[in-house]
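Enquirer: Give me a 3D structure for the following:
(one chain, ligands or ions: 1)
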Amino acid sequence: MHATAIAQPNIALIKYWGKRNVSRNLPAVGSISITLSDLYTEVSIDFSSGLSQDELVVNGKRNIEMLPRISACIDSVAGGDRCRVRVSSKSNFPIAAGLASSASAFAATTVAIAGAAGLSFSTSELAKLAGQASGSAARSLYGGFAELKNSGENIEVTSLCSDDSWPIQVIVAITETGQKAVGSTVAMEFSRKTSPFYKSWIAQQDKDLDSARLAIDRRDFDGLATVAEHNCLKMHSVMWTSRPSLVYWNSATIACMQRIRRLQEDGCKVFFTIDAGPQVKAVCLPEYAIDVREALKKTPGVQQVMVSGLGTAARLIESS
Ligand code: 2P0
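Expert: Numbering: from 1, shown residues only. Just a heads-up that it's a prediction; the model follows:
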C-alpha cells in the first residue's frame, strides 16, 4: 500500500500543442521527445494513512491547486472507489515553469499508484493512463527518443531510439524560476480557438514528424536541428497569435537563442528548443556540451544552467 516511483521530464523536439479531444486528452498532433537523465521527479504514494481526502505535498509544501488533477489520475489507475491517499512529490528543478514538470510528475504518479495498489500494467497501458492526466507525461514512460501518436482512439507512444544509442546532451538555461502565467492545458485551448495559424500548424506537423524520425534514424544531428528549431518557432508563432497572446519568453530567452545562433555559426553542433515557459534547452552533441554550458552561463539573465544526458523510462523504485 506504499510505493515510490521516479520519472524524468521529457523535452519535445517536435511539439505537442493542441488537442483533438479535450475530454479524453487526445493530442491534435503527434510529437517526438527526448527523456532527460539528470532532472527528476520522485513521487511517493501511501494508501494506508486513513485519510478522509487525498493529500498532496509538493517539495515539502501542501498543494491544493494540483490536487484535483492528481486525484483524477489516481482514480483512473486505481478506480474511483479506492481509499484516499497521501501523495508526496519532489523535483530537483523548478516546477510549472516550462520544464516539463507535469510530464515527470504524472508519469511518476501513475507508476507509483499502480505499484502501491499492486496492479500490473504494461508500459503502453501506463503511458495511456499518464497521458490522460497530462499528454506529455505519456512520453516519460519511455526513455531516449519517444513518439506520441495522434492517430487512433487512444493515447499511444512508441520508442524511436533508446537513451544509450545516440548520446545527446541537453543544457537547460533557466531564466526565471516562477510559475508561468497560463498553464499549457488552458493555453492550448486559447490557441485552438483563436490563433489564425493553428490550422497550418496542425497541417504541417506530419511532415516535421517524418523529417525528425528520419534524422533520428540516421543520427543526422543537422537534420534534426533544422526541423526541431523550425517546429519550436512555429509552435511559438501559434502561441503569440492566440488571444490572449501567449508570450512565454523574456529577454534572456531571446539572448540565449542569439547565443546559440552564434555558436552554430562557429561550427558548434547545437540547437535550441523552448516550451511553454521562458527556459531555453540547448540540445548538442556531447563534445560541444562544455562550450554550450559556458556560453549560456555567461548570457545575461540566465540564473542557472543544468546539464543532462538522455534518460530511461519512469520506474518503480520501492513498494511495500
Ligand atoms: C510538449 N508542451 O510537447 C509541449 C510543448 C508544452 C510545449 O506538452 O494539457 O502539460 O496536460 O496534456 O502535457 C505541455 O502540455 O498538457 C506540453 P496537458 P501538457 O512538450
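Enquirer: how about residue 301, secondary structure?
Expert: coil (DSSP: H, G, I helix; E, B strand; the rest coil).
Enquirer: For it, which non-adjacent residue is spatially closest?
Expert: residue 252 (2.6 Å; C-beta to C-beta, 6 or more residues apart in numbering). Just so you know, the C-beta spots here come from the backbone N, C-alpha and C atoms, and that holds for glycine as well.
Enquirer: what about the one you found, which helix or strand?
Expert: For residue 252, the enclosing helix or strand under DSSP states H and E is helix 251-265.
Enquirer: Residues contacting that helix, please?
Expert: Around helix 251-265, the neighbours that count as contacts under C-beta atoms under 8 Å, 6 or more residues apart in numbering are 173, 175-176, 225, 270-272, 274, 278-280, 282, 288, 291-292, 295-296, 299-302.
Enquirer: end-to-end on stretch 242-261?
Expert: Using C-alpha to C-alpha, to the nearest Å, the end-to-end distance of stretch 242-261 comes to 27 Å.
Enquirer: quick one: that stretch to chain centroid distance?
Expert: Centre-to-centre, stretch 242-261 and its host chain are 18 Å apart (C-alpha atoms, centre = their mean, to the nearest Å).
Enquirer: again, but for stretch 176-194
Expert: Counting by C-alpha atoms, centre = their mean, stretch 176-194 comes out at 14 Å from the chain centroid.
Enquirer: In terms of pLDDT, where does the residue nearest to residue 301 sit?
Expert: As predicted, residue 252 sits at a pLDDT of 98.
Enquirer: Run a quick neighbour tally on it.
Expert: Residue 252: 22 surrounding residues under other C-beta atoms under 10 Å.
Enquirer: Please report the distance of the residue most central in space within the chain from residue 23.
Expert: The central residue of the chain, meaning the one whose C-alpha is nearest the mean C-alpha position (C-alpha atoms, centre = their mean), is residue 100 at 3.6 Å. Per C-beta to C-beta, to the nearest Å, residue 100 is found 23 Å from residue 23.
Enquirer: likewise residue 284?
Expert: Here the criterion is C-beta to C-beta. By it, residue 284 lies 40 Å from residue 23.
Enquirer: Neighbour count for the two, which is higher?
Expert: Using other C-beta under 10 Å, the more surrounded residue of residue 284 and residue 23 is residue 284, with 24 against 7.
Enquirer: okay but the residue nearest to the centre of the chain is in contact with residue 9, surely?
Expert: Yes - at 3.6 Å, residue 100 counts as touching residue 9 under the criterion of C-beta atoms under 8 Å.
Enquirer: Tell me the residues of the protein that contact the ligand?
Expert: By C-beta under 6 Å from any ligand atom, the residues of the chain that approach the ligand are 12, 15-17, 25, 31, 102, 134-136, 184-185, 275-276.
Enquirer: What strand or helix carries the residue in the chain sticking out farthest from the centre?
Expert: Each residue of the chain has a distance to the centre, and by C-alpha atoms, centre = their mean the biggest one is for residue 50: 33.2 Å. Under the criterion of DSSP H and E, residue 50 resides outside all helices and strands.
Enquirer: Can I have the buried ones of the contacts of helix 251-265 as a ChimeraX selection?
Expert: To isolate in ChimeraX the members of the contacts of helix 251-265 that are buried, counting by 16 or more other C-beta atoms under 10 Å, one can use:
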select :173,175,176,225,270,271,272,274,278,279,280,282,288,292,295,296,299,302
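Enquirer: Which of the contacts of helix 251-265 fall in strands?
Expert: With strands identified by DSSP state E, the entries of the contacts of helix 251-265 that belong to them are 173, 270, 271, 272, 280, 282.
Enquirer: on that earlier part again, residues contacting the residue nearest to the centre of the chain?
Expert: Taking C-beta under 8 Å, 6+ apart, we find residue 100 in contact with 9, 10, 11, 136, 140, 275.
Enquirer: now for those, which pair is the farthest apart?
Expert: Farthest apart among those by C-beta to C-beta are 140 and 275. That separation is 13.9 Å.
Enquirer: Of the two, which one has the most company?
Expert: Here residue 140 and residue 275 are set side by side on neighbour count (other C-beta under 10 Å), and the busier one is residue 140, at 34 against 26.
Enquirer: Give me the spatial nearest neighbour of the more buried one, chain neighbours excluded.
Expert: Nearest residue to residue 140 in three dimensions, chain neighbours excluded: residue 107, at 3.6 Å (C-beta to C-beta, 6+ apart).
Enquirer: Can you measure across stretch 301-316, start residue to end residue?
Expert: 37 Å.
Enquirer: quick one: buried residues of that stretch?
Expert: When neighbours are counted by 16+ other C-beta under 10 Å, the buried residues of stretch 301-316 are found to be 302, 305, 306, 307, 308, 309, 310, 311, 312, 313, 314.
Enquirer: State the pLDDT value of the residue farthest from the centre of the chain.
Expert: At residue 50, the model reports a pLDDT of 79.
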